[in-house]
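Enquirer: here's a sequence, model it:
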Amino acid sequence: MFLFDTDSGMNTGLVNWPVTSHKRGSLVRMNMGGSAVVTFSENSGRSYQFVLAERRSAERMARAITD
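Expert: Below you'll find the model as predicted:
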């Protein structure tokens, strides 16, 4: 499952690391900076988010993952 949304490009917390873990390790967020995010989930329930420069980049990322 893929979700597209807008994003501030900032992570929660004191330091804006490019890769962070959230929700007790069930979400891995890879932040490249920007205003678009694509989120996908594994069958195990773990989710991943890629924050990218724009929606078009997020759509390309989703296609690359599914191909």
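Enquirer: just the strands in the chain please.
Expert: Along the chain, the stretches classed as strands by DSSP state E are 2-6, 19-22, 27-31, 36-41, 47-52.
Enquirer: as a markdown table, those strands with mean pLDDT would be great.
Expert: Shown next, in a markdown table, are the strands of the chain (pLDDT from 0 to 100):
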| stretch | mean pLDDT |
| --- | --- |
| strand 2-6 | 63 |
| strand 19-22 | 74 |
| strand 27-31 | 85 |
| strand 36-41 | 87 |
| strand 47-52 | 87 |
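Enquirer: so which of those is nearest Ile65?
Expert: strand 36-41 (6.4 Å; C-beta to C-beta). Any C-beta I mention is one placed from the backbone N, CA and C, and that applies to glycine too.
Enquirer: picking that back up, just send the strands of the chain back as TSV, with mean neighbour count too.
Expert: Putting these into TSV (neighbours: other C-beta atoms under 10 Å) gives the following:
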stretch	mean neighbour count
strand 2-6	13
strand 19-22	12
strand 27-31	17
strand 36-41	19
strand 47-52	20
